[in-house]
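Participant: A structural model of the following input is requested.
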Amino acid sequence: MLEKKEWVSFSEMKKALQISDGNLSSHLKGLHDHRYIKLKRKFVAGRPSTLYAFSAKGKKAFSIHKQSVLKLLD
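Facilitator: The predicted structure is shown next:
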């Protein structure tokens, strides 16, 4: 998702991944702590919304990981 869209909301990820709020929050916190993702908070229709995007470090790490997985599948 983050590879295809610049910013993705928590609710979009939760719906696509079909995991609990707690699991998703835990994974996102780890990625954010390691600076693989960045976040911004805003209000949408009067409700708080958190959006996530790859950081430059995250894009590079994901690209390397993706290449490694593709090599394994070859």
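Participant: Show me how far the longest helix along the chain is from its chain's centre.
Facilitator: Using DSSP state H to define each element, the chain has its longest helix at helix 56-73. Its chain's average C-alpha position is 15 Å from that of helix 56-73, according to Cα atoms, centre = their mean, to the nearest Å.
Participant: same question, stretch 40-58
Facilitator: Distance of stretch 40-58 from its chain centroid, counting by Cα atoms, centre = their mean, is 10 Å.
Participant: Please point out which parts of it sit buried.
Facilitator: Neighbour counts over stretch 40-58 (16 or more other Cβ atoms under 10 Å) mark Thr50, Leu51, Tyr52, Phe54, Ser55, Gly58 as buried. In short, each C-beta sits where N, CA and C put it, glycine included.
Participant: Check stretch 10-22 too.
Facilitator: So, applying 16+ other Cβ under 10 Å, buried residues of stretch 10-22: Phe10, Met13.
Participant: And the helices in this protein?
Facilitator: 10-17, 21-33, 56-73.
Participant: closest one to Arg41 among these?
Facilitator: In terms of Cβ to Cβ, the element of the helices of the chain nearest to Arg41 is helix 10-17, at 10.1 Å.
Participant: Tabulate the CA atom coordinates of the closest one in CSV.
Facilitator: In CSV, the C-alpha atoms belonging to helix 10-17 read as follows (Å, rounded to 0.1, in the frame of the first residue of the first chain):
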residue,chain,number,x,y,z
PHE,A,10,-4.6,3.8,9.6
SER,A,11,-8.2,2.8,8.7
GLU,A,12,-7.3,2.0,5.1
MET,A,13,-4.4,-0.2,6.3
LYS,A,14,-6.5,-1.9,8.9
LYS,A,15,-9.2,-2.7,6.4
ALA,A,16,-6.8,-4.0,3.7
LEU,A,17,-4.7,-6.1,6.1
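Participant: Noted, bye for now.
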